[in-house]
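Enquirer: 3D, please:
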Amino acid sequence: MVKKMESQAESFLTDPRLPAVSIILAALALYILLPGQLTLGPSWILAALEGALVVILALTSQYRSKHAKSLRYLSILLIGLIGLANLFSVGLLVHLLLHGTMASGTQLFFSALEIWLTNVLVFALWFWEIDRGGPVERSKGSEHYPDFLFPQMTQTGICSPSWLPNLVDYLYLSLTNATAFSPTDTMPLSPIAKILMGIESLVSLLTVTIVAARAINILH
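Expert: Now for the predicted structure:
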């Protein structure tokens, strides 16, 4: 019994999907902090659902080799739920802005900031999940074509020949794409990578230039 528990703990701690849990929790925390008028129903419903999915992923980590495809679909569902909830919040924020029903400029500004940060986190997870077949496939060294061209992949002598991007690299990619509204040092290669980066840029542009700018004007 003890050996089995130790094996399960080791499987969980070595799961290549584990680093993403902190990003998911951060995105959920930001979503819960949003005003009720910017969420689809009570915010705790999404948090509870996402929490249940995280627990399922943790409990099934020792079976990831046998059920890799099913678990990857579950991970995609997890990210998709947060992403859709955030897009819905963007739509509600724009609607409230156009109708002037936000309580104050301060509330509008911080709500826009929370949505923008959630957008960065969610798309970092998307990039992390789609690149080269996902984190599990990358950890196994599977021969998948890359979806993103990182600088370390274009020059020799600046990193190990076996270098692979980690979650921090995808966070940085998402952050720079959201602030520059375009690729910076990392280029999208596959159609899905280009689509995701385009959507993130559009959401970021809408949030920053329309909503946040309007909130600052109200403050003045």
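Enquirer: Buried residues in stretch 74-94, which are they?
Expert: 74-75, 78-79, 82-83, 85-87, 89-90, 92-94 (16 or more other CB atoms under 10 Å). Where you see a C-beta, it was placed from the backbone N, CA and C, and this is true even at glycine.
Enquirer: May I ask which helix or strand encompasses Val90?
Expert: Assigned by DSSP states H and E, Val90 belongs to helix 68-99.
Enquirer: and the next helix or strand after that helix, how far from the chain's centre?
Expert: Next along the chain after helix 68-99, taking DSSP H and E as the criterion, comes helix 105-130. Its chain's C-alpha centre and that of helix 105-130 lie 9 Å apart, by CA atoms, centre = their mean, to the nearest Å.
Enquirer: Could I get the pLDDT score of the residue nearest to Leu206 when sequence neighbours are not counted?
Expert: Using CB to CB, 6 or more residues apart in numbering and skipping residues adjacent in sequence, the residue nearest Leu206 is Val90, 6.5 Å away. Here the pLDDT value assigned to Val90 is 88.
Enquirer: Distance check, Leu28 against Ser204.
Expert: For Leu28, the distance to Ser204 equals 20 Å [CB to CB, to the nearest Å].
Enquirer: To clarify, my last question referred to Leu164.
Expert: From Leu164 across to Ser204, the span is 27 Å (CB to CB).
Enquirer: What values do phi and psi take at Ala52?
Expert: Backbone torsions of Ala52, given as degrees, to the nearest 10, read phi -60, psi -40.
Enquirer: Next: Phe148.
Expert: phi -130, psi 140.
Enquirer: you'd agree it is up against Thr184?
Expert: No - checked against CB atoms under 8 Å, the pair Phe148 and Thr184 is beyond contact range at 11.8 Å.
Enquirer: Looking at the two, which one has more neighbours?
Expert: Between Phe148 and Thr184, Phe148 has the larger neighbour count (other CB atoms under 10 Å), namely 21 against 13.
Enquirer: Return the residues in contact with the more buried one.
Expert: Neighbouring residues of Phe148 by CB atoms under 8 Å, 6 or more residues apart in numbering: Phe127, Asp131, Pro165, Leu173, Thr186, Met187, Pro188, Leu189, Ala193.
Enquirer: repeat that with 10 Å
Expert: By CB atoms under 10 Å, 6 or more residues apart in numbering, Phe148 lies in contact with 127, 130-132, 165, 169-170, 173, 183, 186-190, 193, 197.
Enquirer: Out of those, which sit inside helices?
Expert: Of those, the ones assigned to helices by DSSP state H are Phe127, Ile130, Asp169, Tyr170, Leu173, Ala193, Met197.
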